[in-house]
Structures are given as C-alpha cells and as structure tokens.
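# Have a look at this prediction, sequence included:
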Amino acid sequence: MTRLRVGCVGTGFIAGRHLAALSGFGDVEVVAVADPVRERAEVAAARVGARAHADGLALLDAEELDAVWLCVPPFAHGPLETAAVARGLPFFVEKPLALDLDTAREVARQVEDRGLTTAVGYHWRQLDVVRRAARLVPAGAARLVTGSWLDKTPGVPWWPRRDGSGGQVVEQTTHVFDLARLLAGEVVSVAAAERPAADDGDVSTAAVAVLTFASGAVGSISSTRVLGWRHSVGLQVVADGQVLELTERSLDDHELRVVTADGEEVHHTDADPIAAEDREFVDVLLGRAERVQVPYAEALRTHALACAADRAARDGGTVRL
Ligand SMILES: NC(=O)c1ccc[n+]([C@@H]2O[C@H](COP(=O)([O-])OP(=O)(O)OC[C@H]3O[C@@H](n4cnc5c(N)ncnc54)[C@H](O)[C@@H]3O)[C@@H](O)[C@H]2O)c1
C-alpha cells in the first residue's frame, strides 16, 4: 500500500488540526468525515474534498477506509472503537480514551485480541524538547515531580459536565500525568483532594493529586479551571543537581528549561506535534516505521492514572495502582 484512504469522526477543534495535517500529506486521501452537527461535517468535508456523514457508525458502514481518526468528546467513546475493531480498521483516537476506565479497558481488550494498530493523541511525546528531557532524566533519576494545568474552562458545551468530559483531571491534566509517567516512571499510589464544582456543571473547580512512584519519587499535580486565560500547563522534574521544566503555551509553543548549578539552558520549539503524531501513524500503517509511541495499551496506563487521581479526589482517599 502506498496511499491511505482515511476518515475522521468528529469535526470540531482538534479534528480541524488533524484534517489540516492529513490533507497536506501526499500519501493520504481524506475520503469522509462525520459529525452529528451536519453543517460542521459539511464545512470540514468541503475543506478537504471529502464526503460528509452525520453519524460516525454510518461513515464506517459506508466507506472503504484504511484507517480512521476518532476526534470525538470523551462521552462518545466506546461504540466507535468497537466498530473499528470489528472491521479490523486501524484507528487514531484523541485523549482521553473515555469518560471512565471500564470503557477504555474493554476497548483495550478488543484491540489486543484483534492485534489492531492504534495510536493515541498524547502529543507531547512527539516533541524534541520532551525527548531531550527524557534523556536527561534516566529511569529512576527523578526525585520530585510537580505539574499543573491552570486554565480557563473550555467553551465547548460538553466540558463542564462530568458525563460529558469526565472532569478536568481526566480530560486535560491527563497530558501532565502522561509526561510524569514518561519522565519519572509508573505511579503506585495516588491521594487527592478537590474543590466543589461551580454553577455551570459538576466538574470541580480545582484539584490536587499527590503521587508516589515505583522508583520512590514523589510528586503533585494541580488542576484548576477558574481563570480567564491559560496560565500554566507543564511539569517540573527535580533530579539530583538538576531541574527540568517543560511548559506548553499552546499546541505549537513548547519549552524546556534545564537548570543546574552551572546555569540554565532554554530550548524552545514551535513544531506541530499534531502533524507529527499523524505522520508517525501514517508511516507505521504504510510500513515505513516500526511502531507508534503511544499505542492504545500505553495510553490506557496514563488514563488509569488520571482516573485514579479523579476517584481519589472525589472519595478523599488513596487509590493504589
Ligand atoms: N491532544 C490535544 O492536545 C487535544 C486538544 C484539544 C482536544 N483534544 C481532545 O479531542 C477531543 C475533542 O475535543 P475538541 O476540542 O475537538 O471538541 P469539539 O467540541 O470542538 O469537537 C468535538 C466534535 O465531536 C462531535 N461529536 C460529538 N459526539 C459525536 C459522535 N458520537 N460522533 C461523531 N462526532 C461527535 C461534536 O459535534 C463536535 O463537532 C476531546 O477528547 C479532547 O480532549 C485533544
């Protein structure tokens, strides 16, 4: 195969980024898109020269595809992945994997049984600054991890409801939990607390999780949605004699600050990690690369951690992983 025929389910914000990347690749043809908001699907379809559907499952029934991108809100996961697996159709899926852990575990089981190629949108892992950070803190070197997602409440209607988004920790801060796992290893337990929701829904307005890593490192990750702007999104890792600070200002603006007793270095990148993860998945499907960095099973570990932090915050206890 030298050219992939792909579809995209969901045509909102992040789908726009994926469709822009995919339609720019000479070895990809975007043949169809789907969104229950019909006009949105039609606008996206017209932009990339594809057919529009009002339903993702109908798209999968009607079109002959080599892969599908699933760019739907957290509440919409499950049936689409199951339908893709049943057809043996490789899929890229945006994070979070689902609202809850059970749905994602069931999809992971189906993906594993079918031996399907998948990729998940934990895009930080595509960045050279993140790879540099990973080289600077070899396994077991991290002692302390402090992360944050201090932001505004996203404007999409499904977000402030737990049955729409899964909550901020599961929907947004999951990127920071993923970075923490990448740079400090697996977490064995998480304790957490949260502040009550605001009037707009039932997603808490602030939360903090305290992590213990298998290596013995400890960490805390904070989330809030009460600001009118994105204040700070990122992670600090402290190892002996060294602090690494990764910051995301926007999808195309990332920075790594490395501080030692000798001074500090700052590495900035405006690389597009969304296009990079799409290119990686396409290359794997066309047999030009061996593996994706974040297949479904790897993303499931991050999702399990974010869900554990969310549960610990609601129950006020400690969850062991
Ligand atoms: N990797 C990242 O940094 C990043 C950035 C933004 C969003 N995301 C993730 O992408 C997902 C979508 O976010 P968004 O910002 O694009 O939201 P959005 O609201 O802009 O777009 C979602 C679209 O999906 C459609 N939709 C809802 N249910 C559907 C269904 N069953 N089938 C098909 N389409 C359906 C909606 O009508 C909407 O057009 C979320 O899970 C979010 O966390 C990831």
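Thanks, I have it. Numbering: from 1, shown residues only.
# And stretch 183-190, what's buried?
For stretch 183-190, the neighbour count (16 or more other C-beta atoms under 10 Å) marks 183-185, 187, 190 as buried. The way it works is simple: take the backbone N, C-alpha and C, and place the C-beta from them, glycine included.
# Between the two ends of that stretch, what distance do you get?
17 Å (C-alpha to C-alpha, to the nearest Å).
# Which residues outside that stretch are in contact with it?
Here stretch 183-190 makes contact (C-beta atoms under 8 Å, 6 or more residues apart in numbering) with 133-134, 137, 139-140, 142, 145, 180-181, 209-215, 217, 219, 235, 237, 244, 301, 305, 308-309, 312, 318-321.
# So which of those residues are in helices?
133-134, 180-181, 301, 305, 308-309, 312 (DSSP state H).
# Dump those residues into TSV; add distance to the ligand as well.
TSV is the format used below for the ones in helices among the contacts of stretch 183-190 (distance: C-beta to the nearest ligand atom, whole Å):
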residue	distance to the ligand
Ala133	18
Ala134	19
Ala180	16
Arg181	16
Arg301	17
Leu305	16
Ala308	18
Ala309	16
Ala312	21
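# Just the buried ones from those, in PyMOL syntax?
To isolate the buried members of those in PyMOL, using 16+ other C-beta under 10 Å:
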select buried, resi 133+134+180+181+301+305+308+309+312
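# Which single one of the ones in helices among the contacts of stretch 183-190 is nearest to Asp278?
Of all these, Ala134 has the smallest distance to Asp278: 21.5 Å, by C-beta to C-beta.
# got the contact list for the closest one?
By C-beta under 8 Å, 6+ apart, the neighbours of Ala134 are 182-183.
# check contacts around the residue nearest to Gln168 when sequence neighbours are not counted.
Leaving aside its chain neighbours, Gln168 sits nearest to Ser223 (4.8 Å; criterion: C-beta to C-beta, 6 or more residues apart in numbering). Counting by C-beta under 8 Å, 6+ apart, Ser223 touches 148-150, 168-169, 172-173, 206-208.
# Can I have the buried ones of those as a PyMOL selection?
Buried subset of the contacts of Ser223, written as a PyMOL selection, criterion 16+ other C-beta under 10 Å:
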select buried, resi 148+149+150+168+169+172+173+206+207+208
